[in-house]
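Peer 1: For reference, the sequence and a predicted model appear below.
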Amino acid sequence: QVQLVESGGGLVQAGDSLRLACVASGRTFSFYAWFRQTPGKERELVGGTRWSRSETYYAESVKGRFTISSDNAKNSVYLQMNSLKPEDTGVYYCAARAYYSDENPEGVSDYDYWGQGTQVTVSS
C-alpha cells in the first residue's frame, strides 16, 4: 500500500523556521513535491525534487527561503522553511509522481499520490 505521511506543521511567528517531513512507503517515485493550499485558493506548488538526481525546483515566492532535501535511506523528503511569512500559511501536502519525465512536474494533476496534509500557520 502506497502511503505518504507528513509531519512537522504547527503555529509559528513571522520570521521563524519550520521543517516538514514526508515519509513514503509502498513503492519508489521519480519526483516528490510539496504543495500548499489556503481556503478559497487552488493548491499551488511550493517546490519539488527529482529523486534520481536530487535536483530541486521551487516556486518564485519561496526561492531563497525554502529548501527541499531528501534522505534516500529513509525514503523521506523534507521541506525546510525559513523566514516564514503570514502568506506562507496553509495546509502543506507532500506529493509523489511515479513516472519519469524530462520536464519538472509542477501541476497538481502531474502527481499520483498525496499525503493527508499538515497545517502551517504563521502569525504576524
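Peer 2: Sure thing, it's come through. Residues are numbered from 1 along each chain as shown.

Peer 1: Helix, strand, or coil at the residue sitting nearest the centre point of the chain?
Peer 2: When the chain is reduced to its mean C-alpha position, the closest residue under CA atoms, centre = their mean turns out to be residue 34, at 1.8 Å. Following DSSP: H, G, I helix; E, B strand; the rest coil, we place residue 34 in the strand state.

Peer 1: What mean pLDDT does stretch 116-124 get?
Peer 2: Stretch 116-124 carries an average pLDDT of 97.

Peer 1: quick one on the thing from earlier: who does the residue nearest to the centre of the chain bridge with?
Peer 2: The partner list for residue 34 in beta bridges (DSSP bridges) reads residue 47, residue 94.

Peer 1: What separation do you get for it and residue 124?
Peer 2: Applying CB to CB, to the nearest Å, one obtains 23 Å for the distance of residue 34 from residue 124. For the C-beta atoms, the positions are set from N, CA and C on the backbone; glycine is no exception.

Peer 1: Same check on residue 3?
Peer 2: Computed with CB to CB, the distance linking residue 3 and residue 124 is 35 Å.

Peer 1: doesn't residue 18 make contact with residue 84?
Peer 2: Yes - with the criterion set as CB atoms under 8 Å, residue 84 and residue 18 qualify as a contacting pair; they are 6.4 Å apart.

Peer 1: about what we covered before: more neighbours: which of residue 3 and residue 124?
Peer 2: Set side by side, residue 3 and residue 124 show unequal neighbour counts under other CB atoms under 10 Å, the larger going to residue 3 at 12 against 9.
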